[in-house]
Structures are given as structure tokens and as C-alpha cells.
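> Got a predicted structure here, sequence first:
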Amino acid sequence: QVQLVESGGGLVQAGGSLRLSCAASGRPLSRYTMGWFRQAPGKERDFVAAIISSGASTSYADSVKGRFTISRDNAKNTLYLQMNSLKAEDTAVYYCATSPNMYYTELSPGYYNAWGQGTQVTVSS
């Protein structure tokens, strides 16, 4: 079983940037498509971005396109999310997750079978 630990969250002003990391242990990340999701209080967990196992293909939610970049370093067993031009509506707990469908950027949380504990991102306006 793979274990995931997110880090890099925090409080930032609108327009600022943060870089989230997701460190994996237990199994090599190269076996999985990886995704970032977020959940605001009282709302469902929403898709943010995904990247296939090789890193050759990515997908983004419309709300973050052009502002967020997902990347991975399989040698370091780590997933990243660079978040620029942050807005108040980006405030949420951010989770990383693994999907065994290693050649597809799955958008639904139901396709992911391992999750981190989440990291809080708060954007002040």
C-alpha cells in the first residue's frame, strides 16, 4: 500500500503563490496516475489536476487552468502542485491521491484509491 503525505500549505495573500508537495512511500509512484483534489468547508471534494504515470499528459479543472501546474519526480517519489495567482476561492484543504489507471488522467475521486491527509491552503483577499 502506498502512503502519501502532503506539505506546503499555508496562508497567502490573493495573487500570491504556493507550492504543494506530496511525498510517497511504500510503493513507487511511477505505477500510478496522480491527482490533486480540494475540499472547501461544506462542499464536495473537487478535482484540481492530474498527471499520468510518465508525466507526459496532464489535466486541469477549468478554474485553475493557466494558474496551477502539476508535476512529478518519480525518482524522488514526489508529486507537486505549483499554484500561482491564488484567489480567495482557492481556499480549501488540498489532497493528493493515486489512481492505478496509470495511462489516464482520471477526474473523478472514485478512481483514486489512496489519499493523503490533506494540507490547508488559505488565501486572504
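Alright, I've got the coordinates.
> so is Glu89 in a helix, a strand, or just coil?
helix (DSSP: H, G, I helix; E, B strand; the rest coil).
> How about the contacts made by it?
For Glu89, the contact set (Cβ atoms under 8 Å, 6 or more residues apart in numbering) comprises Ser63, Val123. No exception for glycine: its C-beta is placed from N, CA and C like everyone else's.
> can you map out the strands along the protein?
Remark: strands assigned in the chain by DSSP state E are 3-7, 10-13, 18-25, 33-39, 46-51, 58-60, 68-73, 78-83, 92-99, 114-115, 119-124.
> And the contacts of the third one?
The set of residues that contact strand 18-25 without belonging to it, under Cβ under 8 Å, 6+ apart, is 2-10, 12, 34, 36, 77-83, 86, 94, 96, 98, 116, 119, 121.
> Also the first one?
Where contact means Cβ under 8 Å, 6+ apart, the residues beyond strand 3-7 that reach it are 20-26, 94-98, 114-119.
> Nearest spatial neighbour of the residue minimising distance to the centre of the chain, chain-adjacent residues omitted?
In the chain, the residue lying closest to the centroid (Cα atoms, centre = their mean) is Trp36, at 2.2 Å. In space, and not counting its chain neighbours, Trp36 is closest to Val48: 4.2 Å by Cβ to Cβ, 6 or more residues apart in numbering.
> count of residues packed around that neighbour?
Val48 sits with 25 neighbouring residues when counted by other Cβ atoms under 10 Å.
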